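> Whatever this is, show me its structure:
(3 chains)
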Amino acid sequence: MSPMASSAARRPLVSIENVAKTYAVGRSRVRAVDGVSLEIAPGERVGLVGESGSGKSTLARLTARLEKPTAGRVVFDGIDLASIPERELRPLRARFQLVFQDPWSSLDPRQTVGSAVEEGLAIHERGDREKRRALVRDAFVRCGLDPALGYRFPHELSGGERQRVAIARAIILEPDLLILDEAVSSLDVTVQARILELLGELRRTLRVAWLFVSHDLAVVSRMSDRVAVIYRGRIVELGAPADLFHHPLHPYTQRLVDAARRLEDPGAEDEPPRAPRDLPASAQGSRPELQGCSFAPECPVRVSRCLSEAPALLERSGRVVACHLHDSVERPPESP
Amino acid sequence: MTNRRMDAMANDPPLLEIEGLTIDFASELGQVRALDKLDLSIGAGEIAGLVGESGSGKSMTALAVLGLVPSPGAITAGSIRFAGRELLGLSEREFRTVRGREIAIMFQEPGTALHPLHTIRAQIAETIRAHEPRTSRREAGRRAVELLAKVRIDAPDRWADRFPHELSGGMRQRAMLAIALACRPRLLLADEPTTALDATVAGEVLALIEELRRDDKLAVLLISHDLSVVAAHADRVTVLERGRVVETGVTSTILERPKEAYTRELILARPRLFSPPTAPSPRVERRREDPT
Amino acid sequence: MSALRPAPSWTDWVPGLALARVGRRGWGYACLVLFGSLVALACWRGDRVIEAVEAITASGYVEGRTLTPDAALDVIIAALVLVATAALSFAGPLFASRAIDRPAETPLRPVSRIRSRVLANRQVRAGGVLLLLLYLVALLAPLLSPYDPILIGDLDTARLLPPSFEHPLGTDRFARDVFSRLLWGSRVSLSVGLLAVAISVTLGVLVGAFAGYAGGFLDGLVMRILDALLCFPTILLVIACVGFLEDRSIWLVVTVIGLLSWMDVARLMRGQLLSLVQRDWFLAARGLGASAPRIIFRHLLPNALTPILVVSTLRVGNVILLEASLGFLGLGITPPTPTWGGMIHESRGQIFSEWWIPFAAGLAVVITVTAWHLLGDGLRDALDPRIGREEASPQAIAPARRATA
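Numbering: from 1, shown residues only, chains lettered A, B, ... in the order given. Next up, the predicted model:
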């Protein structure tokens, strides 16, 4: 089995196979996602963590088939999403749903929230008017919302309530997979905590798998069984969160962990934080012109090999990592 | 250091004193109290934290200090004293000498707070020349680059002539900090400075603020919805819920022995990777006691 | 609530007074005046209506009949409009006062908030009332106009008469009553305005929506065609299409103008769509599996319509001007159908002698176009900036101010 495979022996729910996505930006081309492979087993919680511009949102959109990959395939339950015609894709969409980051813009401002949640049912022609109303009410209650709010418009609700509506809209179709793209990043911490609780509860009752994308390590760690770290369109490390974050193998993961720790407890560090090189906003995507590892220019522990040879993903100590540091010999994980 | 700063260090009265501040809004549903009798004080070189959810009145507090409360809101009670001088009731012209020069503000969304069609240099220079009109354009531009260097943007002369959309989120936030620091203010109001940022860059910005507090004796009002961020850097914390002060006190006390359930909820709200939330570690405390 | 207002009484049954009782005096008295005028008109012109009914129902030749069946139909329709308007001005205030009496039960929903803001805007009210009056006059023209606008009068004695009691604006070169022609001309201008804009906006919205939604190559193609068409000033295009034809009916003019002025709207619509497809809710709709027509009609169009609405109202004014310009050039609707532009064209030899003829026609155009522009401007103010603010998050309001304020 490939290193990116999940632990389950049966067929994975989602199989992202060597997916790449290139955008044309002005005259240049940006490869936002560059050869990512990942599997999600049914009911598994997979986290995806990275900074802005790392390509995680692009990967989320590709998984939700909102865009087609430039290379590679996204296979859902054995079906290649990019190869089937629109007609067949539509009913399949009910099985994977996306929840967006911004609760202010993810709902149509001219649609009542009740009809927004009902829309999925209407599109997929599930049940008659009565039944749909009942399902909507049920979804509202499950997401901790008063059903009477169904007649309100999005801007009459708070951010947390809107996000609950977005989740209700996603779960009403009882999907097998939820793709949460920074779903809690725009919320206050208290609201965030409640939404995370809600998601946990929903998972218990719906047995849904999810891809949880975020830049926040602590949140991702709590909400995932496995976490992938993405840097510039490539996965650099993958493993169980507790293990991954407390004993990171890849230097980039180490950097993320250091930053998170510094935010939680700044006095503990002796040295002042080291500024990463300032990059323009357009610095996204892999750098195909570099022959070696894309992290090498900023890596504190790089060697000459890193500049000339791109590291492959290797299995080490129950994890997967792409770094020459762990290539030649199986070293014990460094304690942070 | 200017004379006024040395004076401020010599005496030790608080730089900013807010007493009983109350802000009401007239809405279709009647009077809404956005802020209810807030007391807050910050001394030079101190960081005070203001924590609460959206709608708790924390951003409104910062706007009130600058006299920018948007209508239909109005300050209906209380006083705001800056360096002994009462700010409420100042005319617009008098306020303008305070805003940007003595008290500066850093907003949450650097994407929208920066003018998209002006270069960074132009925006910093504008602030400088607004308050020190005799500065030549070249001089202002030079100081702009210096400020960018101060906020740890490397190759500042190159970035100064770029537009905000060409900068990453963390850089934009630092550019906004540079604008805020342009006229060497004594008080910085930082409204959710790290909320829109990744952890790596958020750490940068907060470390910068710490440095400024240490080196320039900058007083800072740190506003956030995330208690852990505030608690890690603030000396004192005030917790707001829907406009009312729920709890206030020294950070370590609040974290170790929160009195109110709401405070407890705020503390525990954030999932943590490492240690449970505690007071800032001993090293920070030691720094505070040092008379530098 | 109702304790503060006088209780309903018999005066409510007098048209308009009901509104006056609940505090809307201006509107109340206006309705009363309107109702009164309509009743007066009905009495004055009752005979004409009877004549028209006879002309329609009777068959065979009747001595002294002056109305053709078409004209008679016009009169009957006008009479129906009169009755309907009178009924509205009677019942409207009644119902409105009842609604005001009842206290508001639920907090205002956003749609009604928008509506009340629109109605409160001064320009909207001014423009709206003016337009209502203009269109009422146009619809009631068969009853209001004292003479037949087309029938040539006594060429020996009645040409170019100055304004008098019998002819409020005198007569023109062909001894026709100018005032009547003015009234009937309003029907042409006002209907051309509405219809041509309806056609061009519909066309523009469809093309623009298609281009904006399709994106990519198709979008580029449509835009280039648009650019080519926009190179020509609309009036030249219209002249080119219409100018060489002998027989120019109102439908021809409407269609030509409609088909040649949709480009602006298309571009606006496309721009709207391009920004809307960036929104997350659009992606969410696609993610749910919504089909393209569903997304366009249920989601994109309602959100894009606000600026389209504003532009449409402004356009009607421009189209009226365009039609009048055509008429002035002699290329408008073929005479003898009265149009304002045509009247100016016909009386261009009399500008210095019987100046009131072109002046009246020109003034009519100005008033109508101003009314439409007032409405459009008012709508734009009432709808746009505030809507943006209502939809933004609360935090977004504060940071709009910069530190150096």
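> Quick check: phi and psi on residue A:313?
Phi and psi for residue A:313, reported as degrees, to the nearest 10, are phi -80, psi 130.
> Oh, that last question was meant for residue A:227, not what I typed.
According to degrees, to the nearest 10, residue A:227 has phi -130, psi 140.
> so how far is residue C:139 from the residue nearest to it when sequence neighbours are not counted?
Sequence neighbours aside, residue A:47 is the residue nearest to residue A:227 in space, at 4.0 Å (criterion: Cβ to Cβ, 6 or more residues apart in numbering or on different chains). All C-beta spots, glycine's among them, are computed from the backbone N, C-alpha and C. For residue A:47, the distance to residue C:139 equals 68 Å [Cβ to Cβ, to the nearest Å].
> who has more neighbours, these two?
Ranked by neighbour count (other Cβ atoms under 10 Å in any protein chain shown), residue A:47 and residue C:139 place residue A:47 first, with 25 against 21.
> Tell me the pLDDT of residue A:142.
Looking at residue A:142, its pLDDT stands at 90.
> before we move on, back to that, that's a helix at the residue nearest to residue A:227, yeah?
No: the assignment for residue A:47, made by DSSP: H, G, I helix; E, B strand; the rest coil, is strand rather than a helix.
> Quick check: closest non-adjacent residue to residue B:254.
Spatial nearest neighbour of residue B:254, chain neighbours left out: residue B:237 (5.2 Å); criterion: Cβ to Cβ, 6+ apart.
> how would you label that neighbour: helix, strand or coil?
Under three-state DSSP, the three-state class of residue B:237 is strand.
> contacting residues around it?
Counting by Cβ atoms under 8 Å, 6 or more residues apart in numbering or on different chains, residue B:237 makes contact with B:48, B:49, B:50, B:51, B:227, B:230, B:231, B:248, B:249, B:250, B:251, B:254.
> ok, the fifth one - contacts?
I take that to be residue B:227. The contact partners of residue B:227, by Cβ under 8 Å, 6+ apart, come to A:189, B:49, B:51, B:237, B:239, B:263, B:266, B:267, B:269, B:270, B:277.
> Tell me which helix or strand residue C:253 sits in.
In the assignment (DSSP states H and E), residue C:253 maps to helix C:250-260.
> in that helix, what's buried?
In terms of neighbour count (16 or more other Cβ atoms under 10 Å in any protein chain shown), helix C:250-260 has its buried residues at C:250, C:253, C:254, C:255, C:256, C:257, C:258, C:260.
> Touching, the fourth one and residue C:200? I think so.
When you say that, I think you mean residue C:255. No: Residue C:255 is beyond contact range of residue C:200, at 10.3 Å (criterion: Cβ atoms under 8 Å).
> Residue 218 - how many residues pack around it?
You didn't pick a chain, so chain A it is. Applying other Cβ under 10 Å, we find 20 other residues in the vicinity of residue A:218.
> you looked at the wrong chain, it should be chain C
12.
> what do you get for residue C:348?
Residue C:348 has 12 neighbours, counted by other Cβ under 10 Å.
> Check residue B:159 too.
Using other Cβ under 10 Å, residue B:159 is surrounded by 21 other residues.
> any idea how far it lies from residue B:128?
17 Å.
> and if you look at residue C:32?
Counting by Cβ to Cβ - residue C:32 and residue B:128 are separated by 65 Å.
> Pick out whichever of these two has more residues nearby.
residue B:128 (24 against 19).
> isn't that one right next to residue B:140, touching?
Yes: the pair residue B:128 / residue B:140 is scored as a contact, 4.4 Å apart, by Cβ under 8 Å.
> Flag every residue of the stretch 101-250 of chain B that's near chain C.
For the stretch 101-250 of chain B, the residues found near chain C under the criterion Cβ under 8 Å from any Cβ of the partner chain are B:104-109, B:112-113, B:115, B:126-127, B:130-131, B:179-180, B:191.
> Residue A:205: how many residues sit nearby?
Residues near residue A:205, counting by other Cβ under 10 Å, number 9.
> For the helix or strand that the helix holding residue C:253 is followed by, list every residue counted as buried.
Next in sequence after helix C:250-260, counting helices and strands by DSSP H and E, comes helix C:263-276. Neighbour-count burial for helix C:263-276 flags C:263, C:264, C:265, C:266, C:267, C:268, C:269, C:270, C:272, C:273, C:276 (criterion: 16+ other Cβ under 10 Å).
> avg pLDDT for the helix or strand that comes right after helix C:263-276?
Per DSSP H and E, helix C:263-276 leads on to helix C:280-288 as the next helix or strand towards the C-terminus. The pLDDT scores in helix C:280-288 average 86.
> Are we agreed that residue C:181 is in a helix?
Yes: per three-state DSSP, residue C:181 lies within a helix segment.
> wait, isn't it in contact with residue C:343?
Yes: with contact defined as Cβ under 8 Å, residue C:181 reaches residue C:343; the gap is 6.1 Å.
> Export only the CA atoms of the lengthiest helix in chain B, formatted as CSV.
Counting residues, the longest helix found in chain B (DSSP state H) is helix B:199-216. What follows is helix B:199-216 as a C-alpha-only set of coordinates in CSV (Å, rounded to 0.1, in the frame of the first residue of the first chain):
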residue,chain,number,x,y,z
ALA,B,199,0.4,31.3,14.0
THR,B,200,3.8,32.0,12.6
VAL,B,201,3.2,35.6,11.6
ALA,B,202,1.0,36.2,14.6
GLY,B,203,3.9,35.4,16.8
GLU,B,204,6.0,37.9,14.9
VAL,B,205,3.6,40.7,15.4
LEU,B,206,3.2,40.1,19.1
ALA,B,207,6.9,39.8,19.6
LEU,B,208,7.2,43.2,17.9
ILE,B,209,4.7,44.7,20.2
GLU,B,210,6.6,43.3,23.2
GLU,B,211,9.8,44.8,21.9
LEU,B,212,8.2,48.2,21.5
ARG,B,213,6.9,48.0,25.0
ARG,B,214,10.2,47.1,26.3
ASP,B,215,12.4,49.5,24.3
ASP,B,216,10.1,52.5,23.8
